[in-house]
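Participant: Pasted the sequence and its predicted model underneath.
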Amino acid sequence: MIEHSFVEANGLRFHVAQCGEGDRLALCLHGFPEQWISWRFQMPLLARLGYRVWAPDLRGYGETERPTGLHSYAIESLMDDVAGLIDASGARSVLLMAHDWGAIIAWHFALRRLRPLEKLVILNVPHPGAFAKAFWTWQQFRRSWYVLFFQIPWLPEFLLTRSGAHPLADVFRSRTLHPENFPDEVIETYRRGWLAPGAATAMIDYYRALVRGGGAARQRQLGFPLIETPTLMLWGEQDLALAKQSSFGTERWVEDLTLRYLPDASHFVQQDAYTDVNAMLEAWLTGRPVPGSQT
């Protein structure tokens with residue numbers, strides 16, 4: 001059973017969906033333009049495996065507080081949110097599981113070692129070192145146009161939320177392989193979050209702070225030390241935003257990497273192909289061979 005509460009962390013009030021119990025935390029970080037509900041298929045599995053599962057709405061999203069100003073969405077602040085949530089949980093060990101923007105935060109959190117991690121699970125976002133190399137390839141650059149578009153003031157918010165946020169809803173209706181996994185009640189939960197005052201700007205400010213705010217440049221200057229945390233990386237191959245090639249070479253930066261590709265899944269892999277994702281996740285967490293394609 002999924003319950004909801006509010007948690008104070010890093011000076012903000014976070015809405016957190018949770019299930020399971022114990023002192024082993026599974027902290028699930030969603031991406032753009034999602035909310036906690038993107039983990040609805042994984043939360044019961046993780047609870048069954050003995051984890052206390054927290055799926056927060058990230059800052060600016062859903063029912064979590066929305067600070068204003070570009071600086072509020074700097075990658076350093078986002079990492080501090082994760083540290084604050086871990087501290088608030090009181091857990092003795094942490095599995096960090098993340099998708100899309102949540103995975104950008106998780107990669108950097110693991111790199112900077114802000115808190116000890118037992119395991120790391122990344123879905124459909126390349127390691128920042130690998131992405132820095134892949135960005136200027138034609139396969140990736142032609143998919144990343146929206147990041148540059150998001151740097152424009154106010155216009156992206158206007159276009160994405162017009163007609164009751166239909167363009168955002170259409171992302172799940174037309175850009176996934178299994179739209180039946182995104183029923184009306186799930187889309188409506190997303191829509192309420194998108195249309196809340198200030199939400200669209202907060203969501204897009206993640207991208208602005210990374211590019212215009214210099215977050216990506218600051219992190220590159222710090223370098224990308226080897227991640228020693230055991231890491232599972234799952235990749236839906238029908239990703240319209242990120243080329244499969246951007247995941248190549250991840251083993252250079254991750255000491256203990258298990259990488260699996262899902263040919264019948266979009267960018268929103270944990271919702272679009274949740275049966276396969278859950279099978280891979282359970283196998284990896286229980287020490288069994290992980291099914292799926294390795295190339």
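Facilitator: Perfect, thanks for sending it. Residues are numbered from 1 along each chain as shown.
Participant: can you pull out the strands in the stretch 51-200 of the chain?
Facilitator: 52-56, 93-99, 119-123 (DSSP state E, counting those that start in this stretch).
Participant: Give the burial count for Phe32, as a bare number.
Facilitator: The number of residues packed near Phe32 is 20, by other C-beta atoms under 10 Å. Bear in mind the C-beta positions are built from the backbone N, C-alpha and C, glycine included.
Participant: Regarding Thr258, what is its secondary structure?
Facilitator: Look at Thr258: counting by DSSP: H, G, I helix; E, B strand; the rest coil, its state is strand.
Participant: Isn't it up against Trp284?
Facilitator: Yes: using C-beta atoms under 8 Å, Thr258 is in contact with Trp284, at 6.0 Å.
Participant: out of the strands of the stretch 51-200 of the chain, which comes closest to Glu188?
Facilitator: strand 52-56 (17.9 Å; C-beta to C-beta).
Participant: packing partners for the closest one?
Facilitator: Applying 3 or more C-beta pairs under 8 Å, 6 or more residues apart in numbering; DSSP states H and E, one finds that strand 52-56 contacts strand 12-19, strand 24-29, helix 43-48, helix 75-89.
Participant: Mind listing residues that contact that strand?
Facilitator: 7, 14-30, 36, 38-39, 42-43, 46-47, 64, 85, 89, 91 (C-beta atoms under 8 Å, 6 or more residues apart in numbering).
Participant: Mutual contacts of Thr258 and Trp284, please.
Facilitator: Leu232, Val290.
Participant: Could you list which residues are in contact with Ala74?
Facilitator: Taking C-beta under 8 Å, 6+ apart, we find Ala74 in contact with Ala209, Gly213, Gly215.
Participant: cool, Gln140 as well?
Facilitator: The neighbours of Gln140, taking C-beta under 8 Å, 6+ apart as the test, are Phe131, Ala134, Leu242, Ala243, Gln245, Ser246.
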